[in-house]
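> Need a 3D model of the sequence below.
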Amino acid sequence: MKVIIIGGVAGGATAAARLRRLDEEAEIIVIEKSGYISYANCGLPYYIGGVIREKSALTLQTPESFRARFRIDARVSSEALRIDRKKKEVLIRDNRTGREYSESYDKLILSPGAEAIVPPFPGVDDRRIFTLRHTEDAFAIREYAEKNRNGNAVVIGGGFIGLETAENLRHMGLGVALIQLTDHVMSTFDRDMAEPLHAELRRNGIDLHLGTAVEAFSEKDGKLEVITNKGSFTADFAVMAIGVRPDSSLAAECGLETDSRGSIITDASMRTSDPDIYAAGDAVSVRNTASGQMGMAALAGPANREGRTAADSIAGIESRFRGTSAASILKCFSLTAASAGLSEESAARAGIPCECIVAYPGSHAGYYPGAEGILIKVLYEKGTGRILGAEAVGREGTDKFIEKMSMAVSLGLTGDDLASLDPAYAPPFSSAKDPVNIAGYIIGNRERGILEEFSYKDIPSLDMNESMLVDLRTEAETASGMIEGAVNIPLDSLRDNLGKLDRTKTIYVYCRSGQRSYIGMRILKANGFRAKSLSGGYLFYTIAAGGRAGGKVV
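Residues are numbered from 1 along each chain as shown. Predicted coordinates:
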């Protein structure tokens, strides 16, 4: 059997190695357009910033090592030009020599990846404007940045690549402006959960511009000028990181089925509409396990699993790719930001009715030194309690939390399932009540009517003729500020002050993070009051609302 794989890196290289482990006799050829057959794509921003110092550290396999270990013919700087499905041939060009030739195949795997989106802005072809998709791009950006260490850079786009590139350029000592079209960075996050990232970026010297659209590039006093709808920026160079699209032209040209975005459509075994052609990686349309909808997931983990599934299928092993929760994680200076499944925004677009809870569980036992809070939001389906997604921002423990939530999304677990999970516990690592358990407890209380909550978004519409806002924190805590219109009754004196509350009104209570206000709400209900607790507490209110979406901090 002769198998040609178009594209290396995560999907293609994984498929090649897996296929060899399953079939020692197969002839396997990998065609890779870049000069590197398998490289650490996700490490490219960190090479730019010097965290990864050597170019060689980015190379996971070379053509020579691939041949020595796996007897795989890996051809770099080679481009697949055309697929002839009738003849079962691929036309290939060696970009170093210009020679074109054809190779036949019995089975073909497409893993062409994705390409950076570069809109046709006036002046976008300036040599000082870079994209970051391949190893060669990282080498070029780092070389240019090193020549301009005392200069300025503009990063366009606030997704993974944009934020990681901005951070690493800042580490090099450059002034960095980050331009983002929408009102928050990280499209996988809701705006309120992205606010800590905005603060962290600004705290580390990033000149952040949200809701700003690039319109053109120009020359100004020997510098690159980036012209936007809100003014212009002058810099030594710019990095475009506004997103990617599937590099699926080969598939479309040979008549394979693709979706409206251009992603290659496959079945669960990664077989395309041609039974002898498989596909894997960023160019493939995959199922989101939370929404059930098909879409693009440009992530290394799914690409690896898709490549493995394609190889299994070709080797005659029954294997299925079940989809992805799109779990992802980002380092943003000292913070860790992670998400899995759907956000409130994406659930609304998918038409899925949902609720969300917000909490601040500790990274480990509070009595053990170094514990910090992790801001978490968990989304669940109304009525069923099925976990739809999660977002988290913190430091230690954020990665562990999102990994558990990714499994919850993928397996269709409910809030009650979260409450029943049995994570490992020791004081240096977690708490007896793990953050996933806490999320499950809150969801269970909400669904059973034990806990009634209100959101920071509800505060502006509260009618104080019918409502009363009560701050349950200590007097010392309120010195840092209160929500306008609130009265302070510390939780431990609440029972002694019930006579000060108006029984004709709904009592809206809040504390720092939501735990004490839950207790206060239960005390009030037990004494005949209508009461609700602020989700996420005063801390989330100050982060998410910032005086914009809620009442004033006084």
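
> Any stretches of the stretch 301-450 of the chain with poor pLDDT?
Counting by pLDDT under 70, the stretch 301-450 of the chain shows no low-confidence range.

> What are the boundaries of the strands in it?
Counting by DSSP state E, counting those that start in this stretch, residue ranges of the strands within the stretch 301-450 of the chain are 328-332, 335-341, 354-359, 375-381, 387-394.

> Packing partners of the second one?
Taking 3 or more Cβ pairs under 8 Å, 6 or more residues apart in numbering; DSSP states H and E as the contact definition, the neighbouring helices and strands of strand 335-341 are helix 191-203, strand 328-332, strand 387-394, helix 398-411. C-beta coordinates here come from the backbone N, C-alpha and C atoms, glycine included.

> I'd like to know which of the ones you listed is closest to Glu219.
Using Cβ to Cβ as the measure, helix 191-203 is the one of the helices and strands packed on strand 335-341 that comes nearest Glu219, at 28.2 Å.

> Keeping just the C-alphas, turn that closest one into PDB.
Coordinates of the C-alpha atoms in helix 191-203 are reproduced here as PDB (Å, rounded to 0.1, in the frame of the first residue of the first chain):
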ATOM      1  CA  ARG A 191     -16.500  39.900  27.700                       C
ATOM      2  CA  ASP A 192     -16.800  39.800  31.500                       C
ATOM      3  CA  MET A 193     -14.400  37.000  31.800                       C
ATOM      4  CA  ALA A 194     -11.900  38.700  29.500                       C
ATOM      5  CA  GLU A 195     -11.800  41.800  31.700                       C
ATOM      6  CA  PRO A 196      -9.000  40.400  33.900                       C
ATOM      7  CA  LEU A 197      -6.900  39.900  30.800                       C
ATOM      8  CA  HIS A 198      -7.500  43.500  29.700                       C
ATOM      9  CA  ALA A 199      -6.200  44.700  33.100                       C
ATOM     10  CA  GLU A 200      -3.200  42.300  32.900                       C
ATOM     11  CA  LEU A 201      -2.200  43.500  29.400                       C
ATOM     12  CA  ARG A 202      -2.400  47.100  30.400                       C
ATOM     13  CA  ARG A 203      -0.600  46.500  33.700                       C
END
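
> List the contacts of that helix.
163, 166, 178, 183-186, 189, 208, 210, 332-335, 337, 343, 375, 377, 391, 393, 456, 540, 543-546, 549 (Cβ atoms under 8 Å, 6 or more residues apart in numbering).

> Beyond it, next helix or strand please.
Past helix 191-203, heading to the C-terminal end, the next element that is a helix or strand (DSSP states H and E) is strand 206-209.

> Give the rounded mean pLDDT of the helix or strand following that following strand.
Read in the C-terminal direction, the helix or strand following strand 206-209 is strand 214-220, with elements assigned using DSSP H and E. With pLDDT averaged residue by residue, strand 214-220 scores 96.

> what do you get for stretch 158-175?
Within the predicted structure, the mean pLDDT of stretch 158-175 is 96.

> for that stretch, which positions count as buried?
158-172, 174-175 (16 or more other Cβ atoms under 10 Å).

> Could you pick out which of those residues are located in helices?
When DSSP state H is applied, the buried residues of stretch 158-175 are split such that 160-171 fall in helices.

> tell me which of the residues you listed is nearest to Glu32?
Ranked by distance to Glu32 (Cβ to Cβ), those are led by Ile161 at 20.7 Å.

> Does the closest one touch Ile242 like I think?
No - under the criterion of Cβ atoms under 8 Å, Ile161 lies out of contact with Ile242, with a separation of 9.2 Å.

> about what we covered before: need the winner for burial among the strands of the stretch 301-450 of the chain.
strand 387-394 (a mean of 28; mean count of other Cβ atoms under 10 Å).

> Strand partners (parallel or antiparallel) of that strand?
Each strand that strand 387-394 pairs with, and the sense of that pairing, follows from DSSP bridges: strand 335-341 (antiparallel), strand 375-381 (antiparallel).

> And the first one, how far out from the chain middle?
So the one you mean is strand 335-341. Using Cα atoms, centre = their mean, to the nearest Å, the mean C-alpha position of strand 335-341 is found 6 Å from that of the whole chain.

> again with stretch 316-335
10 Å.

> Stretch 529-536 now?
Here the centre of stretch 529-536 is set off from its chain's centre by 31 Å, with Cα atoms, centre = their mean.

> Dump the C-alpha coordinates for it into CSV.
Provided in CSV are the C-alpha atoms of stretch 529-536 (Å, rounded to 0.1, in the frame of the first residue of the first chain):
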residue,chain,number,x,y,z
PHE,A,529,-38.0,37.3,53.1
ARG,A,530,-37.7,37.2,49.3
ALA,A,531,-34.0,37.2,48.7
LYS,A,532,-31.3,36.7,45.9
SER,A,533,-27.5,36.5,46.0
LEU,A,534,-25.2,38.3,43.6
SER,A,535,-23.5,35.7,41.3
GLY,A,536,-19.7,36.1,41.7
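
> ok, and what's touching it?
Outside of stretch 529-536, the residues within contact range by Cβ under 8 Å, 6+ apart are 356-360, 375, 451-456, 498, 501, 503, 505-511, 513-514, 517-518, 520-521, 524-525, 541, 544.

> So which of the residues you listed belong to strands?
Judged by DSSP state E, the subset of the contacts of stretch 529-536 located in strands is 356-359, 375, 453-454, 506-510.

> State the distance from Arg495 to Leu534.
Taking Cβ to Cβ, to the nearest Å as the measure, Arg495 falls 20 Å from Leu534.

> Please identify which of these two sits among more neighbours.
Leu534 (29 against 12; other Cβ atoms under 10 Å).

> Pairing partners for the more buried one in the sheet, please.
Applying DSSP bridges to Leu534 yields these beta-bridge partners: Phe454.

> hmm, who's touching whichever strand or helix holds Phe66?
Assessed by DSSP H and E, Phe66 sits inside helix 63-70. Residues external to helix 63-70 that are found in contact with it (Cβ under 8 Å, 6+ apart): 13, 16-17, 20, 28, 30, 37-38, 72-76.

> what's the neighbour count on the closest residue in space to Tyr508 that isn't next to it in sequence?
The shortest distance from Tyr508 to any residue that is not its chain neighbour, by Cβ to Cβ, 6 or more residues apart in numbering, is 5.0 Å, and that residue is Leu469. The number of residues packed around Leu469, counting by other Cβ under 10 Å, is 21.

> what's the residue positioned nearest the centre of the chain in contact with, if anything?
In the chain, the C-alpha closest to the average C-alpha coordinate belongs to Ser328, at a distance of 4.2 Å (Cα atoms, centre = their mean). If you count contacts by Cβ under 8 Å, 6+ apart, Ser328 has them with 160, 188, 299, 338-340.

> related to what we said a few turns ago, pull the most distant pair out of the ones in strands among the contacts of stretch 529-536.
Maximum pairwise distance in the ones in strands among the contacts of stretch 529-536, criterion Cβ to Cβ, is 26.8 Å, between Leu375 and Thr506.

> Of the contacts of helix 63-70, which belong to helices?
For the contacts of helix 63-70, membership in helices holds for 13, 16-17, 20, with DSSP H as the criterion.

> now do the same end-to-end measure for stretch 29-44.
Across its full length, stretch 29-44 reaches 26 Å end to end, with Cα to Cα, to the nearest Å as the criterion.

> about what we covered before: roughly how far apart are the residue nearest to the centre of the chain and Leu163?
Between Ser328 and Leu163 the distance is 12 Å, computed by Cβ to Cβ.

> Kindly report the same for Val509.
Per Cβ to Cβ, Val509 is found 36 Å from Leu163.

> Over to Leu169?
From Leu169 across to Leu163, the span is 11 Å (Cβ to Cβ).

> Check Gly231 too.
When distance is defined by Cβ to Cβ, Gly231 is 22 Å away from Leu163.

> Once you drop chain neighbours, what's closest to Leu501?
Ile507 (5.9 Å).

> pretty sure that neighbour contacts Asn497?
No - taking Cβ under 8 Å as the definition, Ile507 is not a contact partner of Asn497, at 11.6 Å.

> And these two? Which one has more around it.
Higher neighbour count among Ile507 and Asn497: Ile507, with 22 against 12, using other Cβ under 10 Å.
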